[in-house]
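Q: Predicted model and sequence below, questions to follow.
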Amino acid sequence: MIIYGVFFLIPSQPTTSSTQMSSTSLSTTKETIDSFPQLSTDIAENETAVDMVTSMGTIKIKLFPELAPKAVENFISLSKKGYYDGTIFHRVIQDFMIQGGDPEGTGTGGESIWGEPFEVEPSDQLYHIRGALAMAKTNAPISIGSQFFIVQNQQDMSSSVADTVPNEIAEAYEKGGYPSLDGHYTVFGQVIHGMEVVDAIAALKTAKNDLPIEPVTVDSIVVHE
């Protein structure tokens, strides 16, 4: 999945589930939203909103500090100090994800707010559905620094989820995502507006190592508290 020492995500073929998920839409009740906050575009009292202002437009994201406290603290602290300002999306793959957060722009740099890497925070309430914001890492068990990625894939992945995935999430995967990443990375946010910007970045022409030929920058990340 990952090349050791380099914060690279490599798309893998997900395992096909033997269970056929229902195509009937489930109502998004308060209980469902409480259990799976990615399914709502509303910002709850226990969530934090940020605007990721890029050279191609603004991506509005909500973060989940109660479900991924270290990742959210790290991301917010780095954002407030301007750590991400002027950085590029150094790796983009259409129908997969866009990746940024490396001040060196190579995919090998960046560090956490604590000056040392930290571990994955898995959650049974957060998944790599389309628009999920997650932290990148290497093959090392404790290797999260500053790099992040946004899941962009638009293809229906509902038939590829594990049997244990809740129906609400399986239905969300009908709109895209990458279920084979679940459990391996920390999902800590969800795009609530601006997926057209994510799609536009993912569609850019790239050179070696999936680096966009024309640089796309994160101009700033504004935290709303």
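A: Thanks, I have it.

Q: contacts, neighbours, all on C-alpha from now
A: OK.

Q: any low-confidence regions in the chain?
A: Along the chain, the model assigns pLDDT under 70 to residues 1-28.

Q: Any idea which residue is closest to the centre of it?
A: L133 (2.2 Å; Cα atoms, centre = their mean).

Q: helix or strand for that residue, which one?
A: According to DSSP states H and E, L133 maps onto strand 132-135.

Q: Can you tell me how far S159 is from F64?
A: 27 Å (Cα to Cα, to the nearest Å).

Q: so what secondary structure elements neighbour the longest helix anywhere in the chain?
A: Using DSSP state H to define each element, the chain has its longest helix at helix 69-80. If contacts are counted by 3 or more Cα pairs under 8 Å, 6 or more residues apart in numbering; DSSP states H and E, helix 69-80 sits against strand 186-193, strand 217-224.

Q: Which SSE is immediately downstream of that helix?
A: strand 87-88.

Q: Can you list the strands that the following helix or strand past that next one pairs with?
A: For strand 87-88, the following helix or strand on the C-terminal side (DSSP H and E) is strand 91-93. Strand 91-93 sits in its sheet next to strand 97-100 (antiparallel), going by DSSP bridges.

Q: Check the offset of the partner strand from the chain's centre.
A: Counting by Cα atoms, centre = their mean, to the nearest Å, strand 97-100 is centred 8 Å from the centre of its parent chain.

Q: List the contacts of the strand holding L133.
A: With Cα atoms under 8 Å, 6 or more residues apart in numbering as the test, strand 132-135 has contacts from 38, 71, 128, 144-151, 177, 185-191.

Q: Show me what counts as buried in it.
A: 132-135 (16 or more other Cα atoms under 10 Å).

Q: In contact with G82, which residues?
A: 220-221.

Q: picking up where we left off before, same drill for S159 and F64, tell me which one is more crowded.
A: Neighbours were counted for S159 and for F64 using other Cα atoms under 10 Å; F64 has more, 23 against 20.

Q: So what does the more buried one have for phi and psi?
A: With angles defined as degrees, to the nearest 10, F64 sits at phi -120, psi 80.

Q: quick thing: my sequence starts at 11, can you match it?
A: Noted, 11 is the first residue going forward, which turns the last one into F74.

Q: wait, it sits on I53?
A: No. At 9.8 Å, F74 does not count as touching I53 under the criterion of Cα atoms under 8 Å.

Q: And the spatially closest residue to G115 that is not a sequence neighbour, how far from F74?
A: Spatial nearest neighbour of G115, excluding adjacent residues (Cα to Cα, 6 or more residues apart in numbering): H100 at 5.6 Å. Applying Cα to Cα, the value for H100 to F74 is 25 Å.

Q: repeat for V233
A: Distance, V233 to F74, by Cα to Cα: 13 Å.

Q: Now do the shared contacts for the two.
A: Taking Cα under 8 Å, 6+ apart as the contact rule, V233 and F74 both touch T58.

Q: picking that back up, point out the most buried one among the helices and strands packed on helix 79-90.
A: With neighbours taken as mean count of other Cα atoms under 10 Å, these reach their highest mean count in strand 196-203, at a mean of 26.

Q: List the contacts of that strand.
A: 48, 51-52, 69-75, 77-78, 81-82, 130-133, 136-138, 141-145.

Q: got it, and stretch 65-73?
A: Stretch 65-73 is contacted from outside by 53, 57-63, 82, 198-205, 207-208, 210-211, 226-229, using Cα under 8 Å, 6+ apart.

Q: what do you get if the cut-off is 6 Å, keeping everything else the same?
A: Residues outside stretch 65-73 that contact it (Cα atoms under 6 Å, 6 or more residues apart in numbering) are 57-62, 198-204, 207, 226-227.
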